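Participant: could you work out the structure for the sequence below:
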Amino acid sequence: MQNIIIRPEAENDINSAYDWYEEQRTGLGSEFALELMDSVDRIMDTPQLYSDLYCGIRRALLRKFPFGIYYLLNEVKIIVLSVLHLAMDPGKWKKRI
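Facilitator: Next up, the predicted model:
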């Protein structure tokens, strides 16, 4: 298991998604957060499981929500760049490299 760093931009992505889901239905934001934590745990356990999308950036998909976790992997840490809805412009996460 490696150390994980969630960049501030990714934290903003997470908070925005949580708030949006919570506005749709009370408790849905919490379901999103739990699913996100499960995905982060999978990344930490097997970071190389997910294929390289672009310049070393990998993407893990959430199972129940249409979001991807975009991250970089090096020898000592995992850096989460973005947590974005899959319909978002891919240029958004590419700008965060």
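
Participant: low-confidence ranges, this protein, go.
Facilitator: Within the chain, the segments meeting pLDDT under 70 span 1, 90-97.

Participant: how about the strands in it?
Facilitator: 3-6, 52-54, 57-61, 67-73, 77-85 (DSSP state E).

Participant: relative to the third one, what are the paired strands and their orientations?
Facilitator: Looking back up the chat, that one is strand 57-61. Partners of strand 57-61 in the sheet, by DSSP bridges, are strand 52-54 (antiparallel), strand 67-73 (antiparallel).

Participant: check the gap between the residue sitting nearest the centre point of the chain and Arg25 for me.
Facilitator: Most central in the chain under C-alpha atoms, centre = their mean is Ile69, positioned 2.3 Å from the mean C-alpha point. For Ile69, the distance to Arg25 equals 23 Å [C-beta to C-beta, to the nearest Å]. C-beta: built from backbone N, CA, C; applies to glycine.

Participant: please apply the same query to Glu11.
Facilitator: In terms of C-beta to C-beta, Glu11 sits 23 Å off from Arg25.

Participant: more neighbours, those two?
Facilitator: Glu11 (12 against 9; other C-beta atoms under 10 Å).

Participant: re earlier: okay, now the nearest residue to the residue nearest to the centre of the chain once chain neighbours are set aside: neighbour count?
Facilitator: In space, and not counting its chain neighbours, Ile69 is closest to Ala60: 4.6 Å by C-beta to C-beta, 6 or more residues apart in numbering. For Ala60, the neighbour count with other C-beta under 10 Å is 21.

Participant: now swap in Gln24 and tell me
Facilitator: Neighbours around Gln24, by other C-beta under 10 Å: 10.
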